[in-house]
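could you work out the structure for the sequence below:
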Amino acid sequence: MFFRPIIILIILAVIFGGVYFWLVAPVKTQADLTLRFDWPDETANYFWIKNFVEGKGLAVFEPLNLVAQNQIHPRSFNVRPDGSLVPGSFLGLILYYGFLAKIFGVKLIIYLTPLLAIFGVLAIYGILRRFFGEKVALISAILLLIQPAWWYYSVTSLLPNVPFVSLILLSVYFAVKKEKLKIDNLIFTGVFAGLALAIRPAEIIWVSLIYLAIFIYLRKSLSLLKLSIFFSLIFLIILPVFYQQQILYGGFLVSGYSQLQNLNSADCQSCTLVKSLFLPFGFHPALAVYNFWTHFVSRFWVWSLLAILGLIAYLVQSKHQKNEIFSYLMVSLFIFGWIIIYYGSWQFSDLLTIHLNILGLSYVRYFLPLYILALPFVAFGLIWLVSFFKNQFQIFGLIVFIILLGYFSAKLVLVEKVDSLLPVKNRILTYHHLAASVNEITPENSVIVTIRKDKVFFPERKVIHTFDSLSASEEILEILPALAKVAPVYYYALGPEEKLEFDNGFKLEEIKSFGAERLYEIKINNP
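Numbers count the residues shown, from 1 in each chain. Model (predicted):
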């Protein structure tokens with residue numbers, strides 16, 4: 001009994017679930033009990049979820065923005081023309097995690113994503129078992145548990161990518177669970193699809209292709225009533241997002257990614273919607289191929305090589321394979337092409353992040369569906385490799401290969417790079433110490449201009465973020481004299497500033513050093 005594939009998978013899923021939960025557990029100090037994150041997106045999502053749970057709403061008026069020309073906000077926030085801070089992302093994760101946080105408590109929301117990740121692994125087993133058979137399904141599900149990008153973003157728990165993909169997997173699982181699509185499974189299919197699209201509506205094009213393929217496959221058991229139920233469920237689940245977008249951004253179809261300062265007409269809102277669905281970063285095929293090669297193929301080259309070997313093995317034996325596998329391959333090729341062009345055409349502007357990070361890059365998390373689609377062919381590749389062993393050694397060889405993949409994945413995810421999870425935990429610990437020290441020095445109503453450290457000082461202090469030194473940030477230099485007259489203003493620099501006095505009437509006075517970093521107070525020169 002304990003050697004049945006599903007039992008093996010459940011045991012492994014429980015073990016890895018424990019690992020995920022241990023890794024996502026918060027780092028805190030006695031001096032600073034605020035939950036802090038390394039990603040600005042996580043910082044923003046946690047702030048808004050907490051606000052939502054506490055009944056404070058999803059907009060916070062910031063009166064100082066009237067003086068600061070809407071510069072006061074952390075990264076991943078947006079600002080309305082009236083100076084109010086609002087979410088700078090899609091609202092689905094905030095609303096539905098916030099709903100669960102109202103029931104189970106805010107402290108538990110960081111564990112929702114790793115829990116969904118485990119359900120996603122079980123779901124992909126059920127899906128692939130239907131089309132590829134037991135062996136490929138089990139190997140693929142085990143591989144997903146140790147796939148570096150999946151592992152990493154299952155623990156980076158307030159980013160939307162793993163929840164979105166897990167919900168899609170759960171939705172597809174209930175759709176294809178049986179030969180006929182019955183009403184009870186259809187309800188789960190529609191609910192999970194609606195939740196996924198509420199979290200990542202920008203993915204609707206390629207997600208729609210998946211459901212089109214499923215409905216063609218299940219066409220004999222479909223009816224107009226079932227389709228109406230499916231689409232009605234999706235609409236009802238997305239409806240709260242539409243409602244909040246109208247309140248926050250002035251349009252049902254306007255998201256937090258929009259430039260709110262420029263949305264003055266319905267035409268502009270329509271243009272923004274169309275652009276967000278089709279090539280929001282333009283069409284740059286050469287850049288897309290480069291980003292795909294850099295952040296997908298070569299990033300995890302062993303996995304890519306196994307997938308290529310498995311694809312070749314499948315094509316060589318295609319006469320003996322089921323038509324469903326060929327359909328899976330065709331749908332996957334479209335999704336690969338769409339996502340590569342859609343996200344690969346984006347030129348990431350933060351060169352320091354690209355230089356330092358391996359897993360902690362947005363390209364990696366946006367390519368997450370592609371890593372998953374490739375898994376059956378990675379499994380084919382492993383099966384092909386062990387086929388050269390004698391029969392009695394094939395299972396042993398397969399286990400050894402998976403353990404080796406797991407070892408190198410764990411090394412990369414946990415310790416190898418500056419953005420690996422354990423170095424990130426240590427870095428968050430330094431954030432706590434730094435925040436506690438700066439909070440002791442600065443008044444509660446102060447504003448801190450900071451290079452990349454906005455996630456450290458927010459929400460206890462108001463922040464203005466910049467990627468450049470203060471002397472190179474002309475927009476910020478312009479607002480500082482007026483802002484310093486109505487609130488205490490500080491500047492946290494990553495190193496000593498060469499220029500301490502500025503032509504427009506203020507100077508920097510060093511307050512304290514933190515290693516190479518410096519905290520300055522902005523002083524208005526006497527007239």
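
for the rest of this, base every contact and every neighbour count on C-alpha atoms.
Fine.

next, the residue nearest to Lys499 when sequence neighbours are not counted: secondary structure please.
Distances taken as C-alpha to C-alpha, 6 or more residues apart in numbering place Ser471 nearest to Lys499, at 7.1 Å, with adjacent residues excluded. For Ser471, the assignment made with DSSP: H, G, I helix; E, B strand; the rest coil gives helix.

Ser471: how many residues sit nearby?
14 (other C-alpha atoms under 10 Å).

my guess is it contacts Leu477. True?
Yes. Using C-alpha atoms under 8 Å, Ser471 makes contact with Leu477 at a distance of 7.3 Å.

can you list the domain ranges for this protein.
5-28+30-276, 285-413, 424-524 (automatic domain parsing).

wait, doesn't Gly17 sit right on Leu112?
No. At 11.2 Å, Gly17 and Leu112 do not qualify as touching, with contact defined as C-alpha under 8 Å.

give the residue from those two that has the larger number of neighbours.
With neighbours defined as other C-alpha under 10 Å, Gly17 and Leu112 compare such that Gly17 has more, 21 against 18.

can you check the pLDDT for the nearest residue to the more buried one once chain neighbours are set aside?
Computed as C-alpha to C-alpha, 6+ apart, the closest residue to Gly17 that is not its neighbour in sequence is Ile118, at 6.4 Å. Note on Ile118: pLDDT of 97.

how many neighbours does Ile118 have?
Neighbours of Ile118 (other C-alpha under 10 Å): 22.

do you know how far it is from Ile142?
11 Å (C-alpha to C-alpha, to the nearest Å).

now Leu167
Relative to Ile142, and taking C-alpha to C-alpha, Leu167 is found at 18 Å.

likewise Phe296?
For Phe296 relative to Ile142 (C-alpha to C-alpha), the value is 20 Å.

pick out whichever of these two has more residues nearby.
Ile142 (23 against 20).

what's that one in contact with, if anything?
Leu9, Leu12, Val121 (C-alpha atoms under 8 Å, 6 or more residues apart in numbering).

these in helices, which ones?
Leu9, Leu12, Val121 (DSSP state H).

neighbour-wise, which of the residues you listed leads?
Top of the ones in helices among the contacts of Ile142 by neighbour count (other C-alpha under 10 Å): Val121, with 25 neighbours.

that residue is in contact with Ile146, isn't it?
No. Under the criterion of C-alpha under 8 Å, Val121 makes no contact with Ile146, lying 10.5 Å away.

secondary structure element for the residue nearest to Gly17?
Assigned by DSSP states H and E, Ile118 falls within helix 112-132.

would you say Tyr520 is within a strand?
Yes. Judged by three-state DSSP, Tyr520 forms part of a strand.

contacting residues for the nearest residue to it once chain neighbours are set aside?
Excluding the flanking residues, the one nearest Tyr520 by C-alpha to C-alpha, 6+ apart is Glu510, at 4.3 Å. Counting by C-alpha under 8 Å, 6+ apart, Glu510 makes contact with Arg518, Leu519, Tyr520, Glu521.

buried ones among the residues you listed?
Buried members of these, scored by 16 or more other C-alpha atoms under 10 Å, are Arg518, Leu519, Tyr520, Glu521.

if I look at the third one, what pLDDT would I see?
Residue-level confidence at Tyr520 comes out at 93, pLDDT.

in the sheet, who's paired with it?
Using DSSP bridges, the beta-bridge partners of Tyr520 come out as Tyr491, Glu510.

show me the contacts for it.
Per C-alpha under 8 Å, 6+ apart, neighbours of Tyr520: Tyr490, Tyr491, Tyr492, Ala493, Leu508, Glu509, Glu510, Ile511, Lys512.

tell me where the protein has strands.
Assigned by DSSP state E, the strands in the chain fall at 77-79, 85-87, 447-451, 462-466, 489-493, 501-502, 506-514, 517-524.

make JSON lines out of those and add distance to Leu212.
Shown next, in JSON lines, are these (distance: least, C-alpha to C-alpha, whole Å):
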{"stretch": "strand 77-79", "distance to Leu212": "35"}
{"stretch": "strand 85-87", "distance to Leu212": "32"}
{"stretch": "strand 447-451", "distance to Leu212": "46"}
{"stretch": "strand 462-466", "distance to Leu212": "44"}
{"stretch": "strand 489-493", "distance to Leu212": "52"}
{"stretch": "strand 501-502", "distance to Leu212": "61"}
{"stretch": "strand 506-514", "distance to Leu212": "57"}
{"stretch": "strand 517-524", "distance to Leu212": "55"}
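
among the ones you listed, which gets the worst mean confidence?
strand 501-502 (a mean of 84).

contact partners of that strand?
Under C-alpha under 8 Å, 6+ apart, the answer for strand 501-502 is Lys507, Leu508.

what does the pLDDT read for Cys268?
57.

about what we covered before: hmm, the residue nearest to Gly17 is touching Ile11, no?
No. Contact criterion C-alpha under 8 Å: Ile118 and Ile11 do not qualify, at 11.3 Å.

now Leu287, nearest residue through space, not along the chain?
Ser345 is the one closest to Leu287 (C-alpha to C-alpha, 6+ apart), at 5.7 Å.

tally of neighbours for the one you found?
23.

separation between it and Leu170?
Distance of Ser345 to Leu170, computed by C-alpha to C-alpha: 29 Å.

equivalent analysis for Pro423, please.
32 Å.

between the two, which one's more packed in?
Leu170 (25 against 15).

was I right to think that one contacts Phe119?
Yes. With contact defined as C-alpha under 8 Å, Leu170 counts as touching Phe119 (7.4 Å).

what about the closest residue to Gly194 other than its chain neighbours, neighbour count?
Once flanking residues are discounted, Gly194 sits nearest to Ile234: 4.0 Å by C-alpha to C-alpha, 6+ apart. By other C-alpha under 10 Å, the residues close to Ile234 number 21.

so who does Ile234 touch?
Counting by C-alpha under 8 Å, 6+ apart, Ile234 has contacts Gly190, Val191, Ala193, Gly194, Leu195.
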